[in-house]
Every structure is written in C-alpha cells, then in structure tokens.
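Visitor: no sequence on hand, only this structure:
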C-alpha cells in the first residue's frame, strides 16, 4: 500500500471497527429501491443540462470469450445459424447466436442488484436471505432498475491525482483522496449522483496482461464509503471490483460490497472501463456528464451485464 498525496494510507479495520462503520452507514427505513431513491425527477432533468456536445462514450469493456487468469469461465458465444460454409447462396436466412455468461465474474462489466450481498443471513434492508430461491431472487432483484438509471455521472480519476498510470493491486483509495480528486478536477459530487472511481485496473490489464484479480486488485478503502454517504450518492461504479484485494478488514473479504450494497443500498457496477471516457472528459474540460445505465430485463436476477453511457 502506498501513501497518498493527501495523507497517510488508510489503516486496516478490526472486526469491531468495521461493525461500527457498518452501523453508521446503514440506511434506515424499508428496503424500497435503495439509494436509487436519491435520484429525483428534477435531478434527472438537471442532469440533461450536462449535455453540451452530444458525444456519447461507453464505460463498458467488451465481453470476453477467451479464458484468462481473471476469467477462467468466460462468456460462451455460439453462432447458431447462417454461418460461413452453410449459407444458401439464394433465398433468405438469418444470422443467429446465443451467449451465456457468469454475470459476477472478474472481467466483464456488470451491475450488482441489491440482493447480491448476503450478510449475517439477510439482504439489504433486513430482507430475509430466504428470498433467494433456486428459481431466482424474489426480492431486491435487478428488476428494481428495470426503468433504467439516469442521472448526473461524475468520474474521479485517482491515478491522475497521484500522477501514475494506475494503482497497483492491493492499493486503497481513501475518502480523503476522493475529496482531493474533486478539487483537482474542479467537480463536486452531490446528492443523487452516479459516482465512478477510476483506479486504472483496465489500463494496467491492457498493458501488462491479465492477472488473478480475485487475489490482488486496487479498490476503495471501506472508510471511503463515508464520503459517499455524506454526499448521498445513488450509484457506485469502478474499473475494478470496487473492493481492494486482499481485504484488510478483519473477517470480511468484500467490505465495500457489504457496506455499499447491504448497508447503503447502492447498486455497484464492477469492472467498467474509463480509458475512453478520460480523454473525452479532458477534451471537454469537465468530469461530469449525463449518464444512462440500462440493465437487462431479468426479473429475478442478482445482476446484469451492463453498458453504461456517458453523454457529454
């Protein structure tokens, strides 16, 4: 772990410290739509004002079908009709295909539903874990976001703040660094914003090759979630898993997921890519944009592949 330009590296958390943090961040009241309730119609209308040029930029990585250290069970893409060697030169045919994928892997871009994290026998909002059935989730599935998530997106680029191309696996992003990135980029995260935090995972992977990200990756320190709670953020997305590995929280392997999804009701987006968006933001001279996130209509699923769009 390195020392950030704004202070000392955040410390490990004991089980008692994590429990106290969880209790401070836990969202009160019934489950509902979680933190998505922070996004009002008025805020969506205001977010439309972020569009200046009309340029659209994807924040998703291409779906991968080749095995790798971080993707031992890649998506399976199969052509099922009208392929070379079997196409009739006359008449009508249709090219067809199918795809099967592990939604919550360590390579493909995806969004986590609020039913994704089971902690101490419950889901977000105290919903019983028994709502997870062999046929799917009967509560808090990705269907909560069936109408899409639209709002003001903000990208905070931590490697840019540190003056490095990427954070090394195992390094943490603190809440202090998120504030420093705001100041350096001239942007402020507000209520109902869709916050994206770049650690440079995708750039490192592209330049150095894939590695076992389940064992080593950069991410947020659990205490950084206090920043999100203070600003009443609606969604959190990252180009890694959002959680650092290995975890330095006693007894909890994925503390950011537990705090974000289970305590705060945040939909998390994992393994996005910001290498297209960063230069677009630099060219535009701003780090906020209209953001559109449209999960698939999977009524009982625990998440969905996703292609978030930034409109500048």
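Guide: Right, received. Where do you want to start? Values in this document were obtained by computation on a predicted structure and should not be read as measured data.

Visitor: so the residue nearest in space to the middle of the chain: helix, strand or coil?
Guide: The residue lying closest to the centre of the chain (C-alpha atoms, centre = their mean) is residue 269, at 1.9 Å. Under DSSP: H, G, I helix; E, B strand; the rest coil, the three-state class of residue 269 is strand.

Visitor: same question, residue 166
Guide: coil.

Visitor: any idea how far residue 139 is from it?
Guide: For residue 166, the distance to residue 139 equals 38 Å [C-beta to C-beta, to the nearest Å]. For every residue, glycine as well, the C-beta is placed using N, CA and C.

Visitor: who's more crowded, those two?
Guide: residue 166 (23 against 20; other C-beta atoms under 10 Å).

Visitor: got phi/psi on that one?
Guide: As for residue 166, its main-chain torsions (degrees, to the nearest 10) stand at phi -160, psi 160.

Visitor: show me what contacts it?
Guide: 159, 199, 200, 201, 203, 204, 218 (C-beta atoms under 8 Å, 6 or more residues apart in numbering).

Visitor: closest to residue 70 out of these?
Guide: residue 201 (9.8 Å; C-beta to C-beta).

Visitor: who are the contact partners of that closest one?
Guide: Here residue 201 is in contact with 166, 167, 213, 217, 218, 238, 239, 240, 271 (C-beta under 8 Å, 6+ apart).

Visitor: for residue 74, same thing?
Guide: Contacts of residue 74 by C-beta under 8 Å, 6+ apart are 64, 65, 66, 67, 68, 101, 105, 107.

Visitor: just to revisit the earlier point, which one of the contacts of residue 166 sits closest to residue 279?
Guide: Nearest to residue 279 among these, with distances taken as C-beta to C-beta, is residue 203, at 11.9 Å.

Visitor: my guess is the closest one meets residue 276, correct?
Guide: No: the pair residue 203 / residue 276 is not scored as a contact, 11.2 Å apart, by C-beta atoms under 8 Å.
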